[in-house]
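Chemist: Predicted model and sequence follow; I will ask about them next.
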Amino acid sequence: MRRSPMTGDPGFEQAAEVLSRIRRTTGDLGAVLAELESEVEPEVAGWPVAARARYREAKREWATALDRMPECLDRAAQAFREISAPDPKRDS
């Protein structure tokens, strides 16, 4: 792991920035999916039954994944905070 020579930070600030960018991207993905749904939904009724079923299943899957993303990012951020917190045992 590469440490910054000035701060001793092993990259946790950079990791926090990456998590922040992923969080913004997650919001952007939600907007893109909503836009796609608004364009596709009016046509779904005319699709074959199997295609409609597959679309609905895929829609549930991506909605679930998108809903879980903030929780996953929160857990990652918490892990970075725990890892980067000063450890009194190390400092003694």
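Modeler: Great, that's in hand.
Chemist: for this protein, which helix is longest?
Modeler: Of all the segments of type helix in the chain, defined by DSSP state H, the longest one is helix 49-84.
Chemist: Averaged pLDDT, that helix. What do you get?
Modeler: Averaging pLDDT along helix 49-84 gives 90.
Chemist: any idea how far it is from the chain center?
Modeler: 7 Å (Cα atoms, centre = their mean, to the nearest Å).
Chemist: how about that helix: buried residues?
Modeler: Going by neighbour count (16 or more other Cβ atoms under 10 Å), the buried part of helix 49-84 is 55, 59, 69, 76, 80. In short, each C-beta sits where N, CA and C put it, glycine included.
Chemist: Quickly check these for the two that are furthest apart.
Modeler: Farthest pair in these (Cβ to Cβ) is 55 and 80. Separation: 37.2 Å.
Chemist: And residue 52, how close does it get to residue 60?
Modeler: Distance, residue 52 to residue 60, by Cβ to Cβ, to the nearest Å: 13 Å.
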